[in-house]
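Undergrad: Curious how this folds, go ahead:
(2 chains)
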There are 2 protein chains.
Amino acid sequence: MTRTVVASAKREIVIGFDEPFCVIGERINPTGRKKLAAEMVAGNFDTVAKDVADQVAAGATMLDVNAGVTAVDPNVSEPPLLVRTIQLVQSLTDLPISIDSSVSSAIKAALEVTQGRPLVNSVTGELEKLEAILPLIKKYDVPVVAISNDETGISEDPDVRFEVARKIVQHAADYGIKPHDIVVDPLVMPIGAMATAGRQVFSLVRRLREELGVNTTCGASNISFGLPHRHGINAAFLPMAIAAGMTSAIMNPCRPQEMEAVRGANVLMGNDPSCMTWIRTYRDVQPAGATAAPAQGVAPAGDAGGGRRRGGRDARRAQVGA
Amino acid sequence: MTRTVVASAKREIVIGFDEPFCVIGERINPTGRKKLAAEMVAGNFDTVAKDVADQVAAGATMLDVNAGVTAVDPNVSEPPLLVRTIQLVQSLTDLPISIDSSVSSAIKAALEVTQGRPLVNSVTGELEKLEAILPLIKKYDVPVVAISNDETGISEDPDVRFEVARKIVQHAADYGIKPHDIVVDPLVMPIGAMATAGRQVFSLVRRLREELGVNTTCGASNISFGLPHRHGINAAFLPMAIAAGMTSAIMNPCRPQEMEAVRGANVLMGNDPSCMTWIRTYRDVQPAGATAAPAQGVAPAGDAGGGRRRGGRDARRAQVGA
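TA: Numbering: from 1, shown residues only, chains lettered A, B, ... in the order given. Below is the predicted model:
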């Protein structure tokens, strides 16, 4: 059984096929957030602290930490900023950390100070990247996100992306790193640009699990790029990916619709024991106002719970287990 | 390719793996609706007419019609009531009809008057039922819902339910009925009572599709029986079932959360060409108020569309297809 163990100083969580879906909170990331980037550069971590609190309250399983502010030389500026950010985050929460950087020296510096067993985000199939990151993964005995692109870029062909993933797993094995410490990101394309993007990723996740025995992750919101009401697409995508075997995603846990979809999928995969998390979270939800009205404005009809049972089937349902 | 053709006098729809999910509107059913039952017995079809209009507006693909009011002798009372109800429904909409009855004489009477190519709901694996219904299916050349229980009741063992489905398909073949005219209901158990119910049905749907080549359906809301905020569970279940290959469900189309999940799943399966239905339906949705707040009341944070793209991946995303 593929179990990827991630931990802080005080808390251990397992990413796996029989575990609740691992929600990796994506908010602590200055990319595309100019105000946050400026704050972090100026040594102001108020927004980071708020992002920690919000994501913890929203139910994140672990937190991704990225300090990739635009700089003249990221090799100089990013390591100390990433270290400082991670230390702050770990002073505020005991959720495990995902160290997110494309700068190898920043990952190295972060690994030296991060408590517990963080996830490293990420390595790719590029040889230079593999040779920079995999020794760190081995030395610090931590799991790594493997993104399935290489020197040739991102292939639109899922078979090529699968082979890149296989190559990374094989390279890692040369370093003595086990498949259960590799979390493959098969790369999610925008469905609005490529109608096969959904079926591709579901099929890839299944193959990655069955043939390589690895856990998987993705940047979930990429799927809905360019479409209206993206949360609705994301909220359908997550349960479908989970049903295919995806075990984690880098996503915004502060979006209630997506988190509800994840919690529902946990119930339906049998990974929310006695449905306790679902019941605790949603027992007071009022059905009528709780859903998005379709554009045509149809009023919700009938019973609140969708609970009317059908025709001749009632009697048969009652026979279950008889 | 498995294509189940259903039609009214003017409109044909196909249930199939590469078609939009077939939403069979369940509302016209007096079971558990005492007021509706009393109205129908008294010859008042106002509520039925409203249920037609609401379900059509909400986006149902076809309409299930059940006239199973409690009666001393359903063999006498149900056939004329079902006929009258179907005739009314067909005067109001050109959506195809699902004839829903556990009374064989009512199904026969309905088949004589229903325009187009209705779906018959249902036959089971019980020998008496097979021998009563299958000749009608053959004679009228219509598709049928096959429910995977038999004389022994409903098994909790999915392998037994699969074998019941296989038996029905084989029996039908003896009558010259093809697998593409059988829509199997693998029976959905409440997840609150049986933690394996979700995985069971996803696995069953996959097997039914791959091994028997049949389309599938279910009473979708059974999955959430007994849980709070059932729409959230249903809305996660439907995309997962669709990803597994389920091609239709008997459900309430007037529930916006479930319909949004179905429309999202259609997009993600590549079955909403150019995402046109999604865009038309949701282009004006306002993200902030459109989602259920979790019980802990976390405010939605950040950008409206979940659209911030992540760290070092931005550049890589931009390379897609390069």
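Undergrad: Only C-alpha atoms from now on, for both contacts and neighbour counts.
TA: Noted.
Undergrad: The helix or strand hosting A:Arg199 near chain B anywhere?
TA: In the assignment (DSSP states H and E), A:Arg199 maps to helix A:197-207. Yes. Looking at helix A:197-207 against chain B by C-alpha under 8 Å from any C-alpha of the partner chain, the contacts come from A:197-199.
Undergrad: list the helices and strands that helix packs on?
TA: In terms of contacts (3 or more C-alpha pairs under 8 Å, 6 or more residues apart in numbering or on different chains; DSSP states H and E), helix A:197-207 is packed against helix A:158-174, helix A:230-244, helix B:256-268.
Undergrad: ok, the residues of helix A:197-207 next to chain B vs chain B, which is closest?
TA: Using C-alpha to the nearest C-alpha, A:Gly198 is the member of the residues of helix A:197-207 next to chain B that sits closest to chain B, with 4.8 Å.
Undergrad: Leaving out the residues flanking it, which one is nearest to the closest one?
TA: Once flanking residues are discounted, A:Gly198 sits nearest to B:Leu268: 4.8 Å by C-alpha to C-alpha, 6 or more residues apart in numbering or on different chains.
Undergrad: Going by residue numbers, what spans are helices in chain A?
TA: A:34-41, A:46-58, A:74-92, A:104-113, A:127-140, A:158-174, A:197-207, A:230-244, A:256-268, A:276-282, A:313-318 (DSSP state H).
Undergrad: Show me what counts as buried in the third one.
TA: To tie it back to what came earlier, the one meant is helix A:74-92. Under the neighbour-count criterion of 16 or more other C-alpha atoms under 10 Å in any protein chain shown, helix A:74-92 has A:74, A:77-86, A:89-90 buried.
Undergrad: same thing with the first one?
TA: For helix A:34-41, the neighbour count (16+ other C-alpha under 10 Å) marks A:36-37, A:40-41 as buried.
Undergrad: so that helix versus helix A:74-92, what angle?
TA: Orientation check (axes from the mean of the first three to the mean of the last three C-alpha atoms, to 10 degrees): helix A:34-41 against helix A:74-92 gives 90 degrees.
Undergrad: what do you get for the fifth one?
TA: For helix A:127-140 against helix A:74-92, the angle by the same axes, to 10 degrees is 40 degrees.
Undergrad: Quick one: distance of helix A:127-140 to the chain centre.
TA: Helix A:127-140 sits 22 Å away from the centroid of its parent chain (C-alpha atoms, centre = their mean, to the nearest Å).
Undergrad: hang on, the earlier thing: can you name the residues that contact the residue nearest to A:Gly198?
TA: Contact partners of B:Leu268, counting by C-alpha atoms under 8 Å, 6 or more residues apart in numbering or on different chains, are A:191, A:195-199, A:233, A:236-237.
Undergrad: just those residues now: which is nearest A:Arg207?
TA: Using C-alpha to C-alpha, A:Arg199 is the member of these that sits closest to A:Arg207, with 12.3 Å.
Undergrad: is the residue minimising distance to the centre of chain A in a bridge, and if so with what?
TA: Chain A has A:Ala249 as the residue nearest its centroid, 1.6 Å off, counting by C-alpha atoms, centre = their mean. Taking DSSP bridges as the rule, A:Ala249 bridges to A:Val23.
Undergrad: Export the buried residues of helix A:34-41 to CSV and append columns for distance to A:Arg280.
TA: CSV is the format used below for the buried residues of helix A:34-41 (distance: C-alpha to C-alpha, whole Å):
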residue, distance to A:Arg280
A:Leu36, 34
A:Ala37, 37
A:Met40, 36
A:Val41, 40
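Undergrad: Could you export the helix holding A:Arg199 as CSV, CA atoms only?
TA: The C-alpha trace of helix A:197-207 is given here as CSV (Å, rounded to 0.1, in the frame of the first residue of the first chain):
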residue,chain,number,x,y,z
ALA,A,197,-8.2,17.1,-20.4
GLY,A,198,-10.6,15.5,-17.8
ARG,A,199,-10.6,12.0,-19.2
GLN,A,200,-6.8,12.3,-19.7
VAL,A,201,-6.1,13.1,-16.1
PHE,A,202,-8.5,10.5,-14.7
SER,A,203,-6.9,7.8,-16.9
LEU,A,204,-3.3,9.0,-16.0
VAL,A,205,-4.1,9.0,-12.3
ARG,A,206,-5.4,5.4,-12.5
ARG,A,207,-2.3,4.3,-14.4
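Undergrad: and A:Met163, how many neighbours?
TA: Actually, residue A:163 is Glu rather than Met. By other C-alpha atoms under 10 Å in any protein chain shown, 14 other residues sit near A:Glu163.
Undergrad: A:Gly125 versus that one, what's the distance?
TA: A:Glu163 sits 10 Å away from A:Gly125, going by C-alpha to C-alpha, to the nearest Å.
Undergrad: go on, A:Leu204?
TA: A:Leu204 is 16 Å from A:Gly125, by C-alpha to C-alpha.
Undergrad: Tell me how far A:Asn212 lies from A:His180.
TA: Actually, residue A:212 is Leu. It isn't Asn. 9 Å.
Undergrad: can you check A:Arg27 too?
TA: Noted for A:Arg27: a distance of 26 Å to A:His180, by C-alpha to C-alpha.
Undergrad: ditto for A:His231
TA: 31 Å.
Undergrad: next one: A:Glu126
TA: Taken as C-alpha to C-alpha, the span from A:Glu126 to A:His180 is 21 Å.
Undergrad: need the contact list for the nearest residue to A:Val5 once chain neighbours are set aside.
TA: Distance criterion C-alpha to C-alpha, 6+ apart; nearest residue to A:Val5, sequence neighbours excluded, is A:Val14 at 4.6 Å. By C-alpha under 8 Å, 6+ apart, the residues touching A:Val14 are A:3-6.
Undergrad: Show me what from the stretch 1-150 of chain A comes close to chain B.
TA: Those residues of the stretch 1-150 of chain A that sit near chain B, judged by C-alpha under 8 Å from any C-alpha, are A:26, A:29-32, A:54, A:57-58, A:66, A:68, A:100-102.
Undergrad: Would you mind giving these as TSV with distance to A:Thr114, pLDDT and neighbour count added?
TA: Listed next are these as TSV, based on distance: C-alpha to C-alpha, whole Å; pLDDT from 0 to 100; neighbours: other C-alpha atoms under 10 Å in any protein chain shown:
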residue	distance to A:Thr114	pLDDT	neighbour count
A:Glu26	18	98	27
A:Asn29	17	97	24
A:Pro30	20	96	23
A:Thr31	22	92	20
A:Gly32	25	89	16
A:Asp54	21	98	20
A:Ala57	22	98	14
A:Ala58	23	98	23
A:Asn66	13	98	27
A:Gly68	17	94	24
A:Asp100	12	98	27
A:Ser101	14	97	26
A:Ser102	17	95	20
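Undergrad: Which two among those are spaced furthest apart?
TA: Within these, A:Ala57 and A:Ser102 form the most distant pair, 28.2 Å apart (C-alpha to C-alpha).
Undergrad: Cross-check the contact I'm expecting between A:Pro143 and A:Ser122.
TA: No. Taking contacts as C-alpha atoms under 8 Å, A:Pro143 lies outside contact range of A:Ser122: 9.7 Å.
Undergrad: Between all of the buried residues of helix A:74-92, which two are separated the most?
TA: Maximum distance among those (C-alpha to C-alpha): 22.8 Å, for A:Pro74 and A:Gln90.
Undergrad: picking that back up, quick check: of the contacts of A:Val14, which lies closest to A:Gln170?
TA: Nearest to A:Gln170, judged by C-alpha to C-alpha, of these is A:Thr4 at 17.4 Å.
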